[in-house]
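Student: model the structure of this input:
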Amino acid sequence: MEMVIDFPGGARVDAHVGPYTIPTDQPPSGGGSGSAPTPFLTFLSTIGTCAGIYVLGFCRQRGIPTDGIRLIQRMGANPMTGMVTDVEVSIELPENFPAKYADAVVRAAEQCAVKKHFEQPPVIRVESHIATSAGA
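Tutor: Reported below is the predicted structural model:
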């Protein structure tokens, strides 16, 4: 898989993958216009949204309505470094949710691919290349 990252103006940095554009920006205090989440917020949102996909699939397979189901994601951070130290995803279930599935829906959310990548993180390499013009 390949993503192309470009700079459409201001402090925006967008990722393009297939037919999709994932916009990011900085808040005004960081030199941006606040037109999109920051890259870091986009990154953090993948934890809860991925877990949400698994909750949605679990409910769909069993014909359980998702009305009233919410996932709340909370992060703790080291005050010295600002680095995230822990992430909690809480699944709020409505009163009419079948109690027999309360634990199973948590197990479904724990199958999230983003969570699994945190548990076994990939190696990340950063490099640069100077483009050469063809025929020069």
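
Student: excluding sequence neighbours, find me the nearest residue to the residue nearest the centre of the chain.
Tutor: Against the mean C-alpha coordinate of the chain, by Cα atoms, centre = their mean, the closest residue is Thr46 at 1.3 Å. Leaving aside its sequence neighbours, Thr46 sits nearest to Val114 (Cβ to Cβ, 6 or more residues apart in numbering; 4.8 Å). In this view, the C-beta of every residue, glycine as well, is placed from N, C-alpha and C.

Student: and that neighbour, that's in a helix?
Tutor: Yes. Counting by DSSP: H, G, I helix; E, B strand; the rest coil, Val114 is found in a helix.

Student: check contacts around it.
Tutor: Residues in contact with Val114, defined by Cβ atoms under 8 Å, 6 or more residues apart in numbering, are Thr46, Ile47, Cys50, Ala51.

Student: tell me which entries of those residues lie within helices.
Tutor: Thr46, Ile47, Cys50, Ala51 (DSSP state H).

Student: if I look at the second one, how far off is Lys116?
Tutor: In this case it means Ile47. Counting by Cβ to Cβ, to the nearest Å, the gap from Ile47 to Lys116 is 11 Å.

Student: repeat that for Gly48.
Tutor: 15 Å.

Student: sec struct for Val106, please.
Tutor: Under three-state DSSP, Val106 comes out as helix.

Student: give me the nearest residue to it, chain neighbours excluded.
Tutor: Closest to Val106 by Cβ to Cβ, 6+ apart is Ile91, at 6.4 Å.

Student: what about that neighbour, neighbour count?
Tutor: Ile91: 18 surrounding residues under other Cβ atoms under 10 Å.

Student: then it would be within a strand, right?
Tutor: Yes. Counting by three-state DSSP, Ile91 is part of a strand.

Student: returning to that earlier point: could you check which of Gly48 and Lys116 has the larger neighbour count?
Tutor: Neighbour totals were compared for Gly48 and Lys116, and Gly48 leads with 21 against 11 (other Cβ under 10 Å).

Student: filter the ones in helices among the contacts of Val114 down to the buried ones and hand me the PyMOL line.
Tutor: Remark: buried members of the ones in helices among the contacts of Val114, expressed as a PyMOL selection using 16 or more other Cβ atoms under 10 Å:
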select buried, resi 47+50+51
